[in-house]
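> sharing a sequence plus its predicted fold:
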Amino acid sequence: MKGWTLGIGLWFLVTTAIAEPVLDISAGQKKSAPCAACHGVDGNSTVAAWPNIAGQSVGYLMDQLKDYREGQKGERFNPVMYSQVQALTDQDIEDLAKYYSSQKPSLGAAKPETLELGEKLYRGGNPATGVPACSACHSPEGDGNSPAGFPRLSGQHPDYIMDQLKKFKTGERFNDANGIMRDIAKRMTNEEMQAVSNYVSGLH
C-alpha cells in the first residue's frame, strides 16, 4: 500500500510538472529594447522617477500598458509612455508583460527617519482617518496580489510611489478599481505618503 501511494504521488508530481505551461519570454525580450532606456534591461530602473517593473504580474503590466495606450482619453495618461506604447498591439503588450514579469526585482533600502511611521501605516493603517493597512491588498511582504490586480510594491522607488499617491489624491490617475486608491490617498497626509513610500522601498 505504501509503495502504491508513493507511486501515485510521483505520478502526480510528474504530470503536474508536464502540464504546467512554460512562460515564453523570448518575444518580449526582443521587443523590450526601447524600454531599457528608462526601466533598465531587466526592468529594474536606476532612476528614482521611473518605476521598477521587474517581477510585476503579467495582468497588472498588461493593464497599465493598455491604459497608457489610450492616451488622454484613458485613465492613466502620461505623454512619455503614450509615445512609446501607442503603436503596440495587444500581442506586443502581452509579450512585454511576460518578459518583465519573469525578471527578478531588485531589493531597495528604506531610510530610517520615517521607518516607524511607514511600518505602522503599512501594517495597520490609520484607523482615526479611515486609512486601511496597505498590507491588506499588497501583502505583508509587498509582493502584491496578482489575481486581484494589486501591484508589487516591494523594492519600488519611493519617489515613484510618492508621485503615484499624489496623482491618485488629485484624481490625475484614476485607473484604480472602484476608486480604492483615490479614496485612500485623499485620506493621507503628505507625511504619511512619504513615510509609507519610503517603507515599501526596503520591504521584502
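Received the coordinates, thanks. Residues are numbered from 1 along each chain as shown.

> rest of the way, CA atoms for contacts and neighbours
Fine.

> since we're on residue 193, how many residues are nearby?
Residue 193: 22 surrounding residues under other C-alpha atoms under 10 Å.

> quick one: it and residue 164 touch, right?
No. Contact criterion C-alpha atoms under 8 Å: residue 193 and residue 164 do not qualify, at 9.9 Å.

> so who does the closest residue to residue 86 other than its chain neighbours touch?
Of all residues not flanking residue 86 in the chain, residue 69 sits nearest, at 4.8 Å (C-alpha to C-alpha, 6 or more residues apart in numbering). Residue 69 is in contact with 81, 82, 85, 86, 87, 88, counting by C-alpha atoms under 8 Å, 6 or more residues apart in numbering.

> what segments of this protein are helices?
2-19, 26-31, 36-39, 58-69, 79-85, 90-101, 115-124, 135-138, 158-170, 180-186, 190-201 (DSSP state H).

> mind putting the ones you listed in JSON lines, distance to residue 149 and mean pLDDT included?
Converted to JSON lines, these look like this (distance: least, C-alpha to C-alpha, whole Å; pLDDT from 0 to 100):
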{"stretch": "helix 2-19", "distance to residue 149": "25", "mean pLDDT": "43"}
{"stretch": "helix 26-31", "distance to residue 149": "21", "mean pLDDT": "97"}
{"stretch": "helix 36-39", "distance to residue 149": "21", "mean pLDDT": "97"}
{"stretch": "helix 58-69", "distance to residue 149": "6", "mean pLDDT": "98"}
{"stretch": "helix 79-85", "distance to residue 149": "20", "mean pLDDT": "97"}
{"stretch": "helix 90-101", "distance to residue 149": "13", "mean pLDDT": "98"}
{"stretch": "helix 115-124", "distance to residue 149": "18", "mean pLDDT": "98"}
{"stretch": "helix 135-138", "distance to residue 149": "9", "mean pLDDT": "98"}
{"stretch": "helix 158-170", "distance to residue 149": "16", "mean pLDDT": "98"}
{"stretch": "helix 180-186", "distance to residue 149": "12", "mean pLDDT": "98"}
{"stretch": "helix 190-201", "distance to residue 149": "18", "mean pLDDT": "98"}
